[in-house]
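Chemist: from the sequence below, what's the structure:
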Amino acid sequence: MAALGPSRAVLASATVMTAVSLAECHELATLARLSLDDAEAERFAAQLGPILDYLEQLRAVDTEGVPEHLPPSRPGSALRDDQPGPTLAEPLRGVPAVRDDQVVVPKFKED
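Modeler: Okay, here's the model as predicted:
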């Protein structure tokens, strides 16, 4: 374990099992606007436990000294400004019917 480093050792040694009740699973489903029967809720509750355990393991990782995420809107971002790309003229060259840079297709459904 010592070779993993301190943060990975925490992840590797954690064996907590979070139990998600059927009622909690139904409440989460309601918030997500899902309709689950009891069998589906039991299956999802069993799957949510390990996910929540992993999130707890991530929370335990020491992030001291790790720089925060730099969003694109902040100065120093590595993202470039948008620049115009090629026009649609080349891709539309082989299309039989074009109107206002859009492919014209025959009507296939009645209104």
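
Chemist: ok, now which ones touch the most centrally placed residue in the chain?
Modeler: Nearest to the mean C-alpha position of the chain, by CA atoms, centre = their mean, lies residue 51 at 14.0 Å. Contacts for residue 51 (CB atoms under 8 Å, 6 or more residues apart in numbering) come out as none. For every residue, glycine as well, the C-beta is placed using N, CA and C.

Chemist: just the element for it, please.
Modeler: Using DSSP states H and E, the element containing residue 51 is helix 38-60.

Chemist: how far away from the center of its chain is that helix?
Modeler: 16 Å (CA atoms, centre = their mean, to the nearest Å).

Chemist: likewise for stretch 31-44?
Modeler: Distance, centroid of stretch 31-44 to centroid of chain: 20 Å (CA atoms, centre = their mean).

Chemist: contacting residues around whichever helix or strand comes after the helix holding residue 51?
Modeler: For helix 38-60, the following helix or strand on the C-terminal side (DSSP H and E) is strand 98-99. Identification of contacts with strand 98-99 by CB under 8 Å, 6+ apart yields 92, 104.

Chemist: 10 Å - rerun?
Modeler: The set of residues external to strand 98-99 that reach it, using CB atoms under 10 Å, 6 or more residues apart in numbering, is 88, 89, 92, 104.

Chemist: can you redo these as a markdown table with distance to residue 25 and neighbour count?
Modeler: Conversion of the contacts of strand 98-99 to a markdown table gives the following (distance: CB to CB, whole Å; neighbours: other CB atoms under 10 Å):
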| residue | distance to residue 25 | neighbour count |
| --- | --- | --- |
| 88 | 49 | 12 |
| 89 | 54 | 9 |
| 92 | 51 | 13 |
| 104 | 50 | 10 |
